[in-house]
Structures are given as structure tokens and as C-alpha cells.
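K.L.:
Could you look at this predicted model? Sequence included:
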Amino acid sequence: MLKGLLVDYAGVLTDPDAHLPYDYLRAARRHGTRTGLVSNAPGAGPAAKNDLAPFFDALVFSGEVGVAKPNREIYLVAAERLGLVAATCAFVDDAERNVRGATEAGMVGIHHVTMAGTLDELAALFS
């Protein structure tokens with residue numbers, strides 16, 4: 001059973017329909033799913049982190065943890081910050097190599113191509 005949902009920022013949350021995954025993340029948290037952001041960004045300032053707080057239980061930036069996607073370690077760090085094991089998490093990214101990295105870490109990988117397809121896949125996995 002999946003208990004955690006990790007998502008990439010650029011390409012997923014910057015999609016033209018980005019309000020849809022934000023709505024999904026908010027609802028998922030209300031229903032007990034732990035959520036996390038995994039980004040290859042160097043980090044984020046306090047204002048940006050505050051803006052992301054309503055959607056995520058953990059924010060993992062490669063520049064802050066010293067490892068980047070697709071290295072499996074960044075996914076393990078993210079799962080640990082959610083208080084979960086990798087096998088109970090799904091990861092969404094628009095870059096196929098990053099999805100492969102997550103699956104190599106033991107997660108369910110979702111390759112984001114269209115928002116409708118990603119949301120359908122999430123609905124099936126987290127129903």
C-alpha cells in the first residue's frame with residue numbers, strides 16, 4: 001500500500017495545468033498521504049519554502065542534501081524525511097531517467113507526460 005507521494009518541481013508543478021497537481025497534493029494530505037518535493041535545485045529561500053508548505057510534508061533539494069536525481073540516495077532521503085520506506089512511495093517526474101532512479105530505489109515510478117495521464121495513474125495507485 002502506498003503511503004507517500006513524491007513529485008518533481010520543474011516539468012510537473014510548472015506544467016500549464018499545474019493547479020491540478022497542487023489540488024491533488026492538498027487532497028492527498030487531507031487523506032493521510034505523506035507528500036514530498038524532490039528537486040535538483042540548489043535550494044529555496046524561506047518565502048518559497050513557506051509557499052510550498054501547504055502541499056508538502058518534506059522538501060528535498062539536491063543542493064541541500066548533497067545528492068541529485070537520478071541517484072537513488074536522494075529518493076531514500078526523501079522517503080526517510082516522510083517517515084516511510086521507499087517501497088511505500090510513488091515518485092512523479094517528467095524526466096524518464098529520474099523515474100528510473102526512483103524505481104531503482106524501490107519506489108513506484110510515474111513518468112509525467114500529460115497532467116490527465118499522471119492524475120489518472122495517481123488515482124489508480126492511491127485509490
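P.N.:
All right, it came through fine.
K.L.:
Around D120, count how many other residues there are.
P.N.:
The criterion is other C-beta atoms under 10 Å. On that basis, D120 has 11 neighbouring residues. For the C-beta atoms, the positions are set from N, CA and C on the backbone; glycine is no exception.
K.L.:
any chance you could read off phi and psi for it?
P.N.:
Summarising the backbone geometry of D120 under the convention degrees, to the nearest 10, its torsions are phi -60, psi -40.
K.L.:
Same question for L5.
P.N.:
Dihedral pair for L5: phi -130, psi 120, per degrees, to the nearest 10.
K.L.:
Identify the residues contacting it.
P.N.:
Applying C-beta atoms under 8 Å, 6 or more residues apart in numbering, one finds that L5 lies in contact with 25, 28, 33-36, 89-90, 92, 122, 126.
K.L.:
Can you turn the buried part of the residues you listed into a PyMOL selection?
P.N.:
Here is the PyMOL command that picks out the buried ones among the contacts of L5, judged by 16 or more other C-beta atoms under 10 Å:
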select buried, resi 25+28+33+34+35+36+89+90+92+122+126
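K.L.:
Quick check: of the contacts of L5, which lies closest to F55?
P.N.:
Relative to F55, the closest of the contacts of L5 is L25; by C-beta to C-beta it sits at 4.4 Å.
K.L.:
I figured that closest one hits F55, correct?
P.N.:
Yes - applying C-beta atoms under 8 Å as the test, L25 and F55 come out as touching, 4.4 Å apart.
K.L.:
Now do the shared contacts for those two.
P.N.:
Residues touching both L25 and F55 comprise T35, with contact defined as C-beta under 8 Å, 6+ apart.
K.L.:
Identify all contacting residues around stretch 10-19.
P.N.:
Against stretch 10-19 from outside (C-beta under 8 Å, 6+ apart): 7, 21-22, 37, 39, 41, 92-95, 112, 115, 118.
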